[in-house]
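*Asks:* Prediction below, plus the sequence it came from.
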Amino acid sequence: MCNWEQAWLAYEPIENQKNRKFFESVYTDQNGELVKSALQEIETASEKLFNIQIIKTDDREKAGIRLEIDPTLDLGMEGYEITEENDRIHIRAARVNGLLYGTFRFLLMVSAGKDITGISLQENPQNPIRMLNQWDNIDGSIERGYAGNSFFYENGKVCVTKRITDYARLLCSVGINAISINNVNVRDGAEWLITEKHYNELEQISGIFGKYGISMYLCIDFAAPMTLDGLPCADPLNEEVRNWWEKKCGEIFSRIPNMGGFLVKADSEGRPGPFAYGRNHADGANMLARAVKPYGGTIIWRCFVYNCQQDWRDRRTDRACAGYDNFMPLDGKFDDNVILQIKNGPIDFQVREPVHPLFGGLQHTNQMLEVQIAQEYTGQQIDVCYLVPMWKEVLNFSTGCGKPQDTVADIVSGRTFGQQKCGMAAVANTGKDANWTGHDLAGANLYGFGRLAWNPQISAEEIVQEWISLQISRDSDVKKMISDILLRSREVYEKYTAPLGIGFMVNPAYHYGPNPEGYEYSKWGTYHRADHLAVGVDRSEKGTGYSEQYFEKNAALYRDTESCPENLLLFFHRVPYTYRLRSGKTLIQHIYDSHFEGYADVQKMQRDWNCLEDKIPQHIFQRVKERFMRQAENSREWCDVINSFFYRKSMIPDEMGREIF
Ligand SMILES: CO[C@H]1[C@H](O)[C@@H](O)[C@H](O)O[C@@H]1C(=O)O
């Protein structure tokens, strides 16, 4: 018996028997690993959903489900077609990857309770790369992990377990096709992953992912030639260093099949990189790109680069500006097997940030959007926060880059500038907890990321409804109740923590719970600079100049207090407490109201959840109930601490006379 659940692949027995007829028999003329995975999944699903042992048949015409390849279909490598005719399901694709995706989609539709009769569906992923980044450490801990320890590592060892197969199934079922399996901060022994010490296990793990069409990436230490082999430097232009990487890549790619390449965090938060040798990021990335090129490998290079040693007196340095300042001058200088991975916002996964100005800025460089499913700053999987609406805002953002298709979704899919290597990556929120994600409702974020990366047009509502049907209940009242909770959860979280784009009022390092001045007295350069008159950072041209990194259409909006979207007001401007918002409220009154409201909203969500007691599986009900109790406490604390902080700074009382400590 395994001690983990199956999340959205639970295939709970289904009452509606309409689709039962398809599951009598299955036919395919294909073999190979991916098709084997598809057939296995059909077997599992038919047994669990309908209690049927499905038969494999050679009789193509009579088969209830038929999986076939037709190379002439215009569906690319991963697309598929699902049709129903005369009580038979045909899943067709040009390549086996498409067949596997088509199979999962069909099974998920059945499991969600959809009537398949008459279906005729063709789908192609919009993003070529749809990737997860594990921040798992080799000691078994997970950086920013909120769902238990890693199921990839334990005490310095790589673990090959059945759970990884189930993970691969989950990821493949929502269209993920790449994964990096170790933390971008490569340290404490993880440097040695790319040595004989770990190749056997890595080979097996990459084999498991390979069966599900997922290519495996490793994060590497840029200084590995020094760390592993005592070379005097890691200078990317040094010949000995270049040879070292060439040899190393030959070794890795021959030992580990299905390697996609490396994901690299360099010159960021203390990680080594090319700066130490007076080289730039293109020098660093291209050196590695050339070493992996003979094996068709890719280098994914992160743009999360900033000076984390800012003096508080320095009002010109702005962490928000750093990504653009570092990478914009290098546009067009990266090899064609390098991809720059850019966080959705310029700072760090806050509950609300403007979109990173490198999107649209970089026009001659492969690029991927990085989002964070792990809820580092959004409640740490204790508080509910459905993130798909936020990611959709980012994807729909019109950059004004002068091309007809100018949204972030257009750009990262390759439509705007014609890149082939691009897409979306996300920091995973999974761990060893039975439900994979700590908070059961955080499963919607993992599921949702995959669905959205496949098709950014699907609505946040649709995704949530699908996910609830698969993982919690097919009952329409339950679906309505839970989707209502999820769909408002991010706004609620924002209200009681950091409204108006202020960000970073969390406890330093740990990043949960309120500590309004925590980052004011640390060196990380993420100040909000609240004093007795005003709060916020002037990032207009009169301030740090960050607003000017955008194309004029957006720069014009952001640089003026009057036109700036209010939910980002304090991100872009320093505003007195007496400033009147569009609602007519003063800034300080808005802050008070928002926090009181956020806390009240949590209590309402908690009451709504408690109504579900007899309607959903008990274990899920109880686990989430416990999370809501903690969220209620957390929101109460935020409300009290932040309101009290601003009251003591401004000495302006709440117009409603509520209790402020
Ligand atoms: C993996 O390191 C993380 C770090 O824990 C996190 O607090 C910071 O926000 O972002 C870093 C990054 O994205 O590299």
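*Replies:* Okay, I see it.
*Asks:* which residues sit in contact with the residue lying closest to Tyr493 once chain neighbours are set aside?
*Replies:* Leaving out its chain neighbours, the residue that sits closest to Tyr493 by Cβ to Cβ, 6 or more residues apart in numbering is Cys385, at 4.7 Å. Where C-beta positions appear, they are placed from N, C-alpha and C, glycine not excepted. Going by Cβ atoms under 8 Å, 6 or more residues apart in numbering, Cys385 touches Val351, Gln375, Thr378, Gly379, Ser489, Arg490, Tyr493.
*Asks:* Just those residues: which are in helices?
*Replies:* In helices, judged by DSSP state H, the following of these are found: Ser489, Arg490, Tyr493.
*Asks:* buried subset of those?
*Replies:* Ser489, Arg490, Tyr493 (16 or more other Cβ atoms under 10 Å).
*Asks:* Which one of those is nearest to Asp331?
*Replies:* Proximity of those to Asp331 was ranked by Cβ to Cβ; the top entry is Arg490 with 32.4 Å.
*Asks:* So the closest one sits against Pro389, correct?
*Replies:* Yes. At 5.9 Å, Arg490 counts as touching Pro389 under the criterion of Cβ atoms under 8 Å.
*Asks:* So Asn344 is in contact with Glu370, correct?
*Replies:* Yes. With contact defined as Cβ under 8 Å, Asn344 reaches Glu370; the gap is 6.8 Å.
*Asks:* Could you list the contact residues of the chain toward the ligand?
*Replies:* Contact residues, the chain versus the ligand (Cβ under 6 Å from any ligand atom): Trp135, Glu143, Arg144, Val184, Asn185, Lys265, Phe304, Asp348.
*Asks:* where does the fifth one land in three-state SS?
*Replies:* Going back to what we said before, that points to Asn185. coil (DSSP: H, G, I helix; E, B strand; the rest coil).
*Asks:* okay, now it: neighbour count?
*Replies:* 17 (other Cβ atoms under 10 Å).
*Asks:* Verify the stated contact: it with Lys265.
*Replies:* Yes. Taking contacts as Cβ under 8 Å, Asn185 lies within contact range of Lys265: 6.6 Å.
*Asks:* list the residues that contact both of those two?
*Replies:* With Cβ under 8 Å, 6+ apart, Asn185 and Lys265 have common neighbours Arg271.
*Asks:* ok, the closest residue to Arg474 other than its chain neighbours - contacts?
*Replies:* In space, and not counting its chain neighbours, Arg474 is closest to Gly113: 4.3 Å by Cβ to Cβ, 6+ apart. Contacts of Gly113 were listed using Cβ under 8 Å, 6+ apart, and they are Ile14, Asn16, Ser469, Arg474.
*Asks:* Wait, a helix at the residue nearest to Tyr493?
*Replies:* No. Secondary structure of Cys385 (three-state DSSP): coil, not part of a helix.
*Asks:* Next one: it from Ala7, what distance?
*Replies:* Note on Cys385: its distance to Ala7, by Cβ to Cβ, to the nearest Å, is 18 Å.
*Asks:* One more: Glu15?
*Replies:* Counting by Cβ to Cβ - Glu15 and Ala7 are separated by 21 Å.
*Asks:* Right, I'll call it a day here.
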